[in-house]
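Participant: Requesting a structural model of the entry that follows:
(chains A, B and C)
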Amino acid sequence: MNNLKHLKAGWGDSVIIEVVVHGPGIDLLTKGKTTQQEKIAGFTAMGITFVACENTIRERKIPKENIIPEAGFVKMGVGEIVMKQEQGWSYIKVGF
Amino acid sequence: MNNLKHLKAGWGDSVIIEVVVHGPGIDLLTKGKTTQQEKIAGFTAMGITFVACENTIRERKIPKENIIPEAGFVKMGVGEIVMKQEQGWSYIKVGF
Amino acid sequence: MNNLKHLKAGWGDSVIIEVVVHGPGIDLLTKGKTTQQEKIAGFTAMGITFVACENTIRERKIPKENIIPEAGFVKMGVGEIVMKQEQGWSYIKVGF
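Facilitator: The predicted model follows:
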């Protein structure tokens, strides 16, 4: 979350950010587990996108409605990361 | 392993994957330590390449013959990752 | 540190390396906390650059003078990583 804050503080609207959440990180977007929903709501209001990996939630048997409404979905988190890099996006891995 | 499964399930033969294993992750490719050899064999049959870093095994005094036969070798794992990126490959870090 | 050693051993002066230290990793560059200052001094003598994220040290209330003299500073570690990738640098995440 600090990384996002800094990128927006430093670069404002000139940076486009998508946070791809997959694997054990999915708790970040899960109702009743995340401690960051308020911050995420603030970031989405600034234009940062959060997406949950559908493969992850299927495997962990997390119903889609348990994902916080601020987040969108991508079919495959790892594929999303590859595609974005192919399109020229930079990649930063945070968390575990 | 889930990431690999998803990439192949989603993209099939249109994705080329090399898994560079170095540092503490080397257990994944070490006989008697890995719990994933069967899955790795399945992935190599699908065309995914696993390579062990020779610097890592030398430093950890792991004889080459202790690496599972499904894996190949690269002289320097970190150099392999840089070179592949220079050639346009996308990078995803998994594990620790 | 092993990654750096290998890159320099394998590629010598043909590789340019900058180590961006941010978040909890900042201990690596903090006086009295780092156990690696001697190695870092050796690497900077070889031309490897170490930079501390100013956002990180401000948030952790680490005075600039507590950062070892071998290191430089960047305003925003995460921004530095993005910019370098935009300039064509490869990215490798190490540590936690």
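Participant: buried residues in the least confident helix or strand in chain A by mean pLDDT?
Facilitator: Scoring the helices and strands of chain A by mean pLDDT, DSSP states H and E places helix A:2-11 at the bottom, with a mean of 94. Taking 16 or more other C-beta atoms under 10 Å in any protein chain shown as the neighbour-count basis, helix A:2-11 is seen to contain the buried residues A:2-8. For the C-beta atoms, the positions are set from N, CA and C on the backbone; glycine is no exception.
Participant: helices or strands next to that helix in the packing?
Facilitator: helix C:54-59, helix C:77-86 (3 or more C-beta pairs under 8 Å, 6 or more residues apart in numbering or on different chains; DSSP states H and E).
Participant: mind redoing it with 7 Å?
Facilitator: If contacts are counted by 3 or more C-beta pairs under 7 Å, 6 or more residues apart in numbering or on different chains; DSSP states H and E, helix A:2-11 sits against helix C:77-86.
Participant: chain center to the helix it packs on: distance?
Facilitator: Offset of helix C:77-86 from its chain centre (C-alpha atoms, centre = their mean, to the nearest Å): 13 Å.
Participant: Now look at it and say if it contacts chain B.
Facilitator: No: judged by C-beta under 7 Å from any C-beta of the partner chain, helix C:77-86 and chain B are separated, with a smallest distance of 9.1 Å.
Participant: quick check: angle from that helix to helix A:77-86?
Facilitator: Using axes from the mean of the first three to the mean of the last three C-alpha atoms, to 10 degrees, the interaxial angle of helix C:77-86 with respect to helix A:77-86 works out to 60 degrees.
Participant: Now do helix C:77-86 and helix A:2-11, the angle between them.
Facilitator: Here the directions of helix C:77-86 and helix A:2-11 differ by 70 degrees (the same axes, to 10 degrees).
Participant: got a list of contacts for stretch A:42-60?
Facilitator: If you take C-beta atoms under 7 Å, 6 or more residues apart in numbering or on different chains as the criterion, stretch A:42-60 is touched by A:4, A:8, A:17-23, A:26, A:29, A:40, A:64, A:67, A:70-77, A:80, B:2, B:6.
Participant: again with stretch A:2-19
Facilitator: Residues outside stretch A:2-19 that contact it (C-beta under 7 Å, 6+ apart): A:43, A:46, A:48-51, A:84, A:94, C:55, C:59, C:75-76, C:78-79.
Participant: Those residues, buried ones only, as a PyMOL selection?
Facilitator: For the buried members of the contacts of stretch A:2-19, the matching PyMOL selection, counting by 16+ other C-beta under 10 Å, is:
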select buried, (chain A and resi 43+48+50+51+84) or (chain C and resi 55+76+78+79)
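Participant: With respect to pLDDT, which of the contacts of stretch A:2-19 ranks lowest?
Facilitator: By predicted confidence, those are weakest at A:V94, whose pLDDT stands at 87.
Participant: which one of the buried residues of helix A:2-11 is nearest chain B?
Facilitator: Using C-beta to the nearest C-beta, A:N3 is the member of the buried residues of helix A:2-11 that sits closest to chain B, with 15.3 Å.
Participant: What about A:T56, how many residues nearby?
Facilitator: Neighbour count of A:T56, defined by other C-beta atoms under 10 Å in any protein chain shown: 22.
Participant: Then A:I81?
Facilitator: For A:I81, the number of neighbouring residues by other C-beta under 10 Å comes to 22.
Participant: same check, this time on A:G47
Facilitator: A:G47 has 12 neighbouring residues, counting by other C-beta under 10 Å.
Participant: Likewise for A:E86?
Facilitator: Burial measure for A:E86: 11 neighbouring residues, criterion other C-beta under 10 Å.
Participant: What separation is there between it and chain C?
Facilitator: Distance from A:E86 to chain C, counting by C-beta to the nearest C-beta, to the nearest Å: 13 Å.
Participant: Pretty sure B:G88 is one of the things that residue touches, is it not?
Facilitator: No: with contacts counted by C-beta atoms under 7 Å, A:E86 stays clear of B:G88, the gap being 8.3 Å.
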